[in-house]
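Engineer: model the following, please.
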Amino acid sequence: MRRKGKRGETPVDMQMGPMIDMVFLLLVFFMVTARPGEEEADLRMKLPGAVSQEETVDFPDEQRIQIMEDGRVLLNERDFGGGGREMPELEETLERFRLASERNGTLPLVTIAPADAARHQRVVDVLNACARARIEGVSFIHETEEGS
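Structural biologist: Numbers count the residues shown, from 1 in each chain. Next up, the predicted model:
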């Protein structure tokens with residue numbers, strides 16, 4: 001028994017054939033235009049593994065630069081002042097450090113430890129000094145008051 005719609009009309013049956021055709025067309029379109037994801041093997045990433053080592057390893061030289069709240073810069077506890085943005089004495093010291101490390105065959109590393117209240121511009125000034133001395137191995141650490 002069919003129900004009558006408004007004004008006595010019978011509801012129109014929905015045709016499923018064209019709807020199925022559209023679904024297949026959309027499926028084919030998305031399959032053709034989709035790009036496959038990059039495989040993990042294509043990333044060229046080396047995972048760490050356990051390697052037995054019989055010879056000693058030379059650890060790289062590392063210098064520590066502290067940036068204080070008042071803008072002073074300390075390189076291994078030696079004060080380079082809190083003056084202007086240019087720091088030629090620090091650059092010269094870092095350049096000598098880089099040359100000495102290269103002569104020893106080690107990688108020159110610099111660790112920057114800015115204080116919590118240090119100005120960001122002062123950190124950028126120290127990074128510029130490292131760049132002018134051509135030191136690429138720069139890392140940051142955060143010191144707590146208990147561990148300093």
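Engineer: next, count neighbours for Glu92.
Structural biologist: Other residues near Glu92 number 13, with proximity taken as other C-beta atoms under 10 Å. Heads up, the C-betas are built off the backbone N, CA and C, glycines and all.
Engineer: now swap in Arg98 and tell me
Structural biologist: The number of residues packed around Arg98, counting by other C-beta under 10 Å, is 21.
Engineer: report the contact partners of it.
Structural biologist: 108, 133-135 (C-beta atoms under 8 Å, 6 or more residues apart in numbering).
Engineer: any idea how far Met14 is from it?
Structural biologist: Shown here: Arg98 relative to Met14, a distance of 77 Å by C-beta to C-beta, to the nearest Å.
Engineer: same deal with Arg134?
Structural biologist: With distances taken as C-beta to C-beta, Arg134 is found 73 Å from Met14.
Engineer: ok, Asp125 next?
Structural biologist: Asp125 is 72 Å from Met14, where distance means C-beta to C-beta.
Engineer: comparing those two, which residue is more hemmed in?
Structural biologist: Set side by side, Asp125 and Met14 show more neighbours around Asp125, with 19 against 7, by other C-beta under 10 Å.
Engineer: wait, is the more buried one part of a helix?
Structural biologist: Yes: assessed by DSSP: H, G, I helix; E, B strand; the rest coil, Asp125 belongs to a helix.
Engineer: ok, and the closest non-adjacent residue to it?
Structural biologist: Here the nearest residue to Asp125 in space, its sequence neighbours aside, is Arg85; by C-beta to C-beta, 6 or more residues apart in numbering that works out to 5.1 Å.
Engineer: which SS class is the one you found?
Structural biologist: For Arg85, the reduced secondary structure class is coil; criterion used: three-state DSSP.
Engineer: got the confidence number for it?
Structural biologist: Reported pLDDT at Arg85 in the predicted model: 76.
Engineer: next: Val28.
Structural biologist: For Val28, the model assigns a pLDDT of 94.
Engineer: now do Ala41
Structural biologist: The predicted local confidence for Ala41 comes out at a pLDDT of 56.
Engineer: please, where are all the strands along this structure?
Structural biologist: When secondary structure is read from DSSP state E, the chain shows strands at 62-67, 73-75, 78-79, 109-114, 137-140.
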